[in-house]
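1. I need the structure of the sequence given here:
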Amino acid sequence: MPTIVSFYTALLAGFYIFLSMRVVRIRFRDRIGLGDAGNPKLQRAIRVHGNFAEYVPLTVILLAFVEMQRFSSLLVHVLCWALVLGRVIHAYGVSKEKEDYRLRVTGMVLTFSAMAVSALLLIGSFLQG
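-> Numbering: from 1, shown residues only. Purely as a prediction, here's the structure:
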């Protein structure tokens, strides 16, 4: 059973709840039950939340398999931190009305790096038998 990835997954779950509550808070404040009603803050909050939901689950699964394959604990921690930091940086950057694309790109590079390195490690492990 993965233990390192479990810890980081719990951190990510907390951040997911935070992002969800941001959407709920804006909806409640502005009385928007469905859609975004053209509200730019709500649009950004929805996309940050959605982007998190799109990338984190697959990456966490890959990370769990990397840990199960008994790759070094340090490597697993580094990959997990890349995912966590990537998601936080991305969320912060995209949430700003005057978006700093450097933050968005940095967040995505960290996220894609965690995903790609994990996938390549697993493919290499499979091919080595």
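
2. what does the model give residue 44 for pLDDT?
-> If you check residue 44, the pLDDT there is 95.

3. and the residue nearest to it when sequence neighbours are not counted, what does it touch?
-> Closest residue to residue 44 apart from its sequence neighbours, by C-beta to C-beta, 6 or more residues apart in numbering: residue 95 at 5.6 Å. Where you see a C-beta, it was placed from the backbone N, CA and C, and this is true even at glycine. Taking C-beta atoms under 8 Å, 6 or more residues apart in numbering, we find residue 95 in contact with 44, 45, 48.

4. just the buried members of those?
-> By neighbour count, with 16 or more other C-beta atoms under 10 Å, the contacts of residue 95 hold 44, 45, 48 as buried.

5. what about the helices in the chain?
-> Per DSSP state H, the chain carries helices over the ranges 4-30, 40-68, 73-95, 101-128.

6. just the CA trace of stretch 86-99, in CSV.
-> The C-alpha atoms that make up stretch 86-99 are tabulated as CSV, following Å, rounded to 0.1, in the frame of the first residue of the first chain:
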residue,chain,number,x,y,z
GLY,A,86,2.5,22.7,-9.9
ARG,A,87,-1.1,22.6,-8.9
VAL,A,88,-0.8,25.4,-6.3
ILE,A,89,1.3,27.6,-8.6
HIS,A,90,-1.1,27.0,-11.5
ALA,A,91,-4.2,27.7,-9.4
TYR,A,92,-2.7,30.9,-8.1
GLY,A,93,-1.7,32.1,-11.5
VAL,A,94,-4.9,31.4,-13.3
SER,A,95,-7.0,32.8,-10.4
LYS,A,96,-5.6,36.3,-10.9
GLU,A,97,-7.7,38.6,-13.1
LYS,A,98,-4.4,40.0,-14.6
GLU,A,99,-3.0,36.5,-15.2
